[in-house]
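Student: Next one to model:
(2 chains)
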Amino acid sequence: MPIVYKPEYTMAALLKLDNVSKTFGDREVLHGVSLEVAPKEVVFLVGPSGSGKSTLLRFCNLLEHPSSGAVLFEGADILKQKNVNALRQSVGMVFQSFNLYPHMTALWNVAIALRLVQRKSAREAREIAHHFLAEVGLAHRGSAYPAELSGGQQQRVAIARALALKPKLMLFDEPTSALDPELVGSVLDVIRKMRHEGMTMLIVSHEMQFAREAADKVVFLDQGRVVEAGAPAALFGNPQQQRTIEFLSRFSLAGSHG
Amino acid sequence: MDAVLTNFANGDILAITWRPLLAGLAQTMLLSLLVIPLGAIAGLLIAALFVVSAGLARVLLMVWIDFFRAFPPLVLLIYLYFGAPLLGYEISAYAAIAVSFTLNTSSYFAEIFRAGIEGVPRGQWHAARATGMSWLQSFFVIVLPQGTRAVLPDLLSNIITITQLTALASVVSVPELLHTAQLAQATSYNVTPIIAAAVIYLALLWPLVRLMSHLDARRYSTKLSAAATQRRRRQETADE
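Tutor: Now for the predicted structure:
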């Protein structure tokens, strides 16, 4: 009998969300969700809008605090950690709307945190920034302002900005949802490359084809609960829950890009 | 015609009053240079406090801002300068001006900065904080420059208003431009110094007013340039 390699069972989790809930006013948007991400694992969070995917993601770098539950990063509860800014250097985040700084060049969008947070010299910060812009295929656009870049290029700059801090975990919040369809590929290529290089990633996405290809694990979230989780082949190929089936039927998995 | 010139544009009077008038202009500029930075810094501080505050603190800040915007600065100045001695405190004219004008102008500055800061998308804060920047770093390096740029015409408008406001200092006998002109008029029985002062005010502020209009026009054309950016982005799609 062949040994099936399941990273989530054989390695200590890099990130572990333990029974986290979130209440906004009197509306509970997450109900006791648990989730683990092992080192080098790529986990996709999928589900309809309003299912709490983005909120869950924001717990991982404390842009949002859970109302209850624990968030463990490298085994330590980050909710009890005093230095949030240290954690945030270890956990990179990429946003749906890029959120590049419009008053800075692409190079300085990447370099500014190296300079201010990691206290590197201006020269070193620029060198590192240039290196990571090259990594995402934008070595030649360093002097461009965000408004002069296409959406795909902006999102790649945003990825470089997060990567430059050498994070151990990358969070993606619908990284291609704001892009014109023809620009999606360039961003997915960069994520593929990161996966190849062993980056641990937690990705909220509606790119089902891409999830099927790049995920080690897919977690289906609906109405604030994990409905189903598993390897992409199992979840997409043979979903067990009625709600998963309904959700997936909305996507044509025979789609071409990804 | 001669009578008009003699009374309103008298060269002889001008010849003996231009020096004190220029000294008055220097005082006006000095007061502006004192009050504008004080008001801007205090206003920025109030705006920053407003952004981070919530609940009662936010209401109190709003009341403070509203009160000092509504309270006439001239009345405030007179209360301070003539009222303080009654309470046993001697206060110099300059101190009275600095305090009363700062209270007034900082409230206007605060409202302008607040509008600018709140106009910056939340995503900018999130992006900055997500890379480990502190609140202060995010505020000063990421949010404030964008917020300030958006309200530049309003800031300039406020600066012009403050410069005009310094004429109120004449009521506490600070020899600024208007006060000097009034003295010159009283001693020469001639209106020429007042006319000269008006011309100096115009020469000082007109370029600023022009600049403000220019910035305003640019602000309202950003919608058009946004469309141009969209077009450019589409063209660059080929670059992907």
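Student: quick one, helices of the chain?
Tutor: Here I'm looking at chain A. A:7-10, A:53-59, A:84-90, A:106-116, A:122-135, A:151-163, A:181-196, A:208-214, A:232-237, A:242-249 (DSSP state H).
Student: I was thinking of chain B, sorry if that wasn't clear
Tutor: For chain B, applying DSSP H gives helices covering B:2-8, B:11-52, B:55-70, B:73-78, B:93-118, B:122-130, B:135-137, B:144-150, B:152-165, B:177-188, B:192-220, B:222-236.
Student: need the contact list for B:Ala110.
Tutor: B:Ala42, B:Gly43, B:Leu44, B:Ile46, B:Ala47, B:Phe50, B:Ile65 (C-beta atoms under 8 Å, 6 or more residues apart in numbering or on different chains). From N, CA and C alone the C-beta is placed, and that goes for glycine too.
Student: What ranges in the chain fall below the confidence cut-off?
Tutor: The chain I'm using is chain A. A:1-11, A:252-258 (pLDDT under 70).
Student: I was after chain B.
Tutor: Within chain B, the segments meeting pLDDT under 70 span B:1, B:220-240.
Student: count of residues packed around residue 214?
Tutor: No chain in the question, so chain A it is. Neighbourhood size, A:Ala214 [other C-beta atoms under 10 Å in any protein chain shown]: 21.
Student: that answer is for a different chain, and I need it for chain B
Tutor: Counted with other C-beta under 10 Å, residues neighbouring B:His214 total 12.
Student: Surely A:Arg212 and A:Ala234 touch.
Tutor: No - between A:Arg212 and A:Ala234 there is no contact under C-beta atoms under 8 Å: 10.9 Å.
Student: which residues are common contacts for those two?
Tutor: Overlap of the contact sets of A:Arg212 and A:Ala234 (by C-beta under 8 Å, 6+ apart) is empty.
Student: and these two? which has more neighbours close in?
Tutor: Taking neighbours as other C-beta under 10 Å, A:Arg212 and A:Ala234 compare with A:Arg212 leading, 18 against 14.
Student: Can you tell me how far that one is from chain B?
Tutor: Here A:Arg212 is placed at a distance of 23 Å from chain B (C-beta to the nearest C-beta, to the nearest Å).
Student: How about that residue, nearest residue that isn't a chain neighbour?
Tutor: By the measure of C-beta to C-beta, 6 or more residues apart in numbering or on different chains, the closest residue to A:Arg212 outside its immediate chain neighbours is A:Pro232, 4.8 Å from it.
Student: dump the residue contacts of the residue nearest the centre of chain B.
Tutor: Central residue of chain B (C-alpha atoms, centre = their mean): B:Ile159, 2.4 Å from the mean position. Contacts for B:Ile159 were tallied using C-beta under 8 Å, 6+ apart; they are B:Ser32, B:Ile36, B:Leu208.
Student: May I see the ChimeraX selection of the buried members of those?
Tutor: Remark: buried members of the contacts of B:Ile159, expressed as a ChimeraX selection using 16 or more other C-beta atoms under 10 Å in any protein chain shown:
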select /B:32,36
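Student: of all the contacts of B:Ile159, which comes closest to A:Leu63?
Tutor: B:Ile36 (37.1 Å; C-beta to C-beta).
Student: Am I right that the closest one is in contact with B:Ile162?
Tutor: Yes - checked against C-beta under 8 Å, the pair B:Ile36 and B:Ile162 is within contact range at 5.5 Å.
Student: Residues in contact with both of these two, list them for me.
Tutor: In contact with both B:Ile36 and B:Ile162: B:Thr105, using C-beta under 8 Å, 6+ apart.
Student: Can you show me the CA trace of stretch A:121-138 as PDB?
Tutor: The C-alpha trace of stretch A:121-138 is given here as PDB (Å, rounded to 0.1, in the frame of the first residue of the first chain):
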ATOM      1  CA  SER A 121      19.600  51.700   4.300                       C
ATOM      2  CA  ALA A 122      17.900  53.500   1.400                       C
ATOM      3  CA  ARG A 123      20.400  51.800  -0.900                       C
ATOM      4  CA  GLU A 124      19.800  48.300   0.400                       C
ATOM      5  CA  ALA A 125      16.000  48.800   0.500                       C
ATOM      6  CA  ARG A 126      16.100  49.900  -3.200                       C
ATOM      7  CA  GLU A 127      18.300  46.900  -4.100                       C
ATOM      8  CA  ILE A 128      16.000  44.400  -2.400                       C
ATOM      9  CA  ALA A 129      12.900  46.100  -3.900                       C
ATOM     10  CA  HIS A 130      14.400  45.900  -7.300                       C
ATOM     11  CA  HIS A 131      15.200  42.200  -6.800                       C
ATOM     12  CA  PHE A 132      11.600  41.400  -5.900                       C
ATOM     13  CA  LEU A 133      10.200  43.500  -8.800                       C
ATOM     14  CA  ALA A 134      12.300  41.400 -11.100                       C
ATOM     15  CA  GLU A 135      10.900  38.300  -9.400                       C
ATOM     16  CA  VAL A 136       7.400  39.300 -10.500                       C
ATOM     17  CA  GLY A 137       8.600  40.300 -13.900                       C
ATOM     18  CA  LEU A 138       8.600  44.100 -13.400                       C
END
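Student: Show residues contacting that stretch.
Tutor: For stretch A:121-138, contacts defined as C-beta under 8 Å, 6+ apart pick out A:106-108, A:110-112, A:114-115, A:118, A:120, A:139, A:141-142, A:153, A:156-157, A:159-161, A:163-164, A:186, A:190, A:193.
Student: let's go with 7 Å and repeat that
Tutor: Stretch A:121-138 has contacts (C-beta atoms under 7 Å, 6 or more residues apart in numbering or on different chains) with A:106-107, A:110-111, A:114-115, A:139, A:142, A:153, A:156-157, A:159-160, A:163-164, A:190.
Student: what do you get for stretch B:129-147?
Tutor: Here stretch B:129-147 makes contact (C-beta under 7 Å, 6+ apart) with A:61, A:63, A:85, A:88-89, A:93, A:101-103, A:112-113, A:116-117, A:161, A:165, B:48, B:113, B:116-117, B:119-120, B:124-125, B:128.
Student: What is the neighbour count of the residue lying closest to B:Gly123 once chain neighbours are set aside?
Tutor: Take B:Gly123 and drop its neighbours on the chain: the residue closest to it by C-beta to C-beta, 6+ apart is A:Asn99, 3.9 Å away. Residues contacting A:Asn99 under the criterion other C-beta under 10 Å number 26.
Student: now do A:Glu135
Tutor: Neighbour number of A:Glu135 under other C-beta under 10 Å is 18.
Student: Ok, A:Ser143 next?
Tutor: Neighbour tally, A:Ser143, other C-beta under 10 Å: 10.
Student: That one against A:Asn109, yeah?
Tutor: No - A:Ser143 lies out of contact with A:Asn109 (C-beta atoms under 7 Å); the separation is 11.5 Å.
Student: So is stretch A:40-56 next to chain B?
Tutor: No - using C-beta under 7 Å from any C-beta of the partner chain, stretch A:40-56 stays clear of chain B, coming no nearer than 11.0 Å.
Student: Keeping just the C-alphas, turn that stretch into CSV.
Tutor: Backbone C-alpha positions of stretch A:40-56 (Å, rounded to 0.1, in the frame of the first residue of the first chain) are rendered in CSV as follows:
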residue,chain,number,x,y,z
LYS,A,40,4.8,24.9,2.2
GLU,A,41,1.2,24.1,1.9
VAL,A,42,-1.1,26.0,-0.4
VAL,A,43,-4.7,26.3,1.0
PHE,A,44,-7.5,27.8,-0.9
LEU,A,45,-10.5,29.3,0.8
VAL,A,46,-13.6,29.2,-1.4
GLY,A,47,-17.2,30.0,-0.9
PRO,A,48,-19.9,32.5,-1.7
SER,A,49,-19.6,36.2,-0.9
GLY,A,50,-20.4,37.0,2.7
SER,A,51,-19.3,33.5,3.8
GLY,A,52,-16.5,35.1,6.0
LYS,A,53,-13.5,34.1,3.9
SER,A,54,-11.9,37.6,3.9
THR,A,55,-12.6,38.1,7.6
LEU,A,56,-10.9,34.7,8.4
